[in-house]
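Colleague: Model the structure of this input:
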Amino acid sequence: MQIAGIELGDRPIFLAPMEDVSDPPFRLMCKRFGADMLYTEFISSGGLTYGAESSHQKLDIYEEERPVAIQIFGGDVDQVREATKVVDAVGPDLIDINFGCPVKKVVCKDGGAGILKNLPKMQEITAAVIEASSRPVTVKTRLGWNDQRIQILDVARMLEETGIKALAVHARTRKQMYKGEARWEWLRKIKEESGISIPLIGNGDATTPEKIEAMFNETGVDAVMVGRGAIGNPWIFRDAKVYRETGEVLPPPGWGERCEIVAEHLALKCEWLGEKKGVLEMRRMYGGYFKGFSGASKLRALVMNEHTMDGVLEVLLNFDEDDANLRVPAAAVRAVAVKASLPVATRAQTESV
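Modeller: Sure thing, here's the model as predicted:
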């Protein structure tokens, strides 16, 4: 499979854009375990044009990630056009437009899935991004606003005619939000009835290696995009490929491997954001990493009370459900963290328009 000349292999698996999840450290972890394409968190076009530091920080990408797509959203055509120029200057492999976020604060301003009620404006925004970009442009959207307004076949044709190079579809309506089952039958309809020739990327409920393979087989999509299934579980990409090749479901990573991966992830967070903020933001990841283990809730409570990387690593390296108060010298923990951390590339240099 290719997107605008970017070779992605057979049946590639992508990391979905997820707010507060798909940041550079997590993307690097997923890349390490075999993700074929990475997407940034969605970035506000308004934040980029007004120079918001938080929005510009989300533009950071690393050479080790490539191919990587930067995703933007917004309902103001001129604003999105100007934001595209900022994104284009960073040098991503793709620029992706978010036409799928169902959150009210985004939807109410014609951003995300809100644009599904105004298809002419969707086309106008898409055309503006394509015009302002020197990179291939793709789109991620949903089936429609609600069951009465599922227009994805027409939307797919319109977007291809406008010039996008690939289409990702979350197989739910905006009204469904993230509830109920994803309706994979619509992915098959897009492949068979829309007449589009650009790659179709399926998204929604591909949360295990078995479900990823089932989405490929049942819908005929060209790629599968994994969202929630990757949270606290970056090895899902590796496991899905092993399952495809051998039919074997790998056992979950053991305690030692999980601790090693968390140490790497934490080290990268602290390198990217600074120790104080990195430790704080890493807290939302622990629940996923330790889900299913005996004593997970106790461990999570312990690491949530730590405010330094050394403190978190001491807890991880010494945790015992029967005696959770063991500690080793911080210097020894620091040596483990340095050994675990991945190489970090130079941040992208960006300027406000």
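
Colleague: centre of the chain versus stretch 97-110, how much separation?
Modeller: 17 Å (C-alpha atoms, centre = their mean, to the nearest Å).

Colleague: quick one: terminal-to-terminal distance for that stretch?
Modeller: In stretch 97-110, first residue to last residue: 13 Å (C-alpha to C-alpha, to the nearest Å).

Colleague: quick one: contacts of it?
Modeller: 17, 42, 71-76, 80, 111-116, 118, 121-122, 125-126, 129, 137-142, 164, 170, 174, 176-178 (C-beta atoms under 8 Å, 6 or more residues apart in numbering). Where C-beta positions appear, they are placed from N, C-alpha and C, glycine not excepted.

Colleague: All the strands of the chain, residue numbers only.
Modeller: Assigned by DSSP state E, the strands in the chain fall at 2-3, 6-7, 13-15, 37-44, 68-73, 94-99, 137-142, 167-170, 200-203, 223-226.

Colleague: for the chain, which helix is longest?
Modeller: helix 255-273 (DSSP state H).

Colleague: Output that one as CSV, restricted to C-alpha atoms.
Modeller: In CSV, the C-alpha atoms belonging to helix 255-273 read as follows (Å, rounded to 0.1, in the frame of the first residue of the first chain):
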residue,chain,number,x,y,z
TRP,A,255,6.0,-7.4,34.7
GLY,A,256,9.7,-6.9,33.8
GLU,A,257,9.0,-5.9,30.2
ARG,A,258,6.2,-3.5,31.3
CYS,A,259,8.5,-1.8,33.8
GLU,A,260,11.2,-1.4,31.1
ILE,A,261,8.7,0.1,28.6
VAL,A,262,7.3,2.5,31.2
ALA,A,263,10.8,3.6,32.2
GLU,A,264,11.6,4.3,28.5
HIS,A,265,8.3,6.2,28.1
LEU,A,266,8.8,8.2,31.2
ALA,A,267,12.4,9.1,30.3
LEU,A,268,11.2,10.3,26.9
LYS,A,269,8.4,12.4,28.4
CYS,A,270,10.8,14.1,30.7
GLU,A,271,13.2,14.8,27.9
TRP,A,272,10.5,16.3,25.8
LEU,A,273,8.6,18.3,28.5
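
Colleague: elements contacting it?
Modeller: helix 24-32, helix 275-282, helix 286-289, helix 309-318, helix 330-340 (3 or more C-beta pairs under 8 Å, 6 or more residues apart in numbering; DSSP states H and E).

Colleague: can I get those helices in CSV with mean pLDDT?
Modeller: Shown next, in CSV, are the helices and strands packed on helix 255-273 (pLDDT from 0 to 100):
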stretch, mean pLDDT
helix 24-32, 96
helix 275-282, 95
helix 286-289, 89
helix 309-318, 87
helix 330-340, 49
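
Colleague: In TSV, list the strands of the chain along with mean pLDDT, distance to L280 and mean neighbour count.
Modeller: Shown next, in TSV, are the strands of the chain (pLDDT from 0 to 100; distance: least, C-beta to C-beta, whole Å; neighbours: other C-beta atoms under 10 Å):
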stretch	mean pLDDT	distance to L280	mean neighbour count
strand 2-3	96	35	18
strand 6-7	96	35	14
strand 13-15	98	23	27
strand 37-44	97	17	24
strand 68-73	97	24	27
strand 94-99	98	26	25
strand 137-142	98	29	26
strand 167-170	98	29	26
strand 200-203	98	29	25
strand 223-226	98	26	26
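
Colleague: Quick one: closest of those strands to L316.
Modeller: For L316, the closest of the strands of the chain is strand 13-15, at 24.1 Å, according to C-beta to C-beta.

Colleague: Cool, thanks, talk later.
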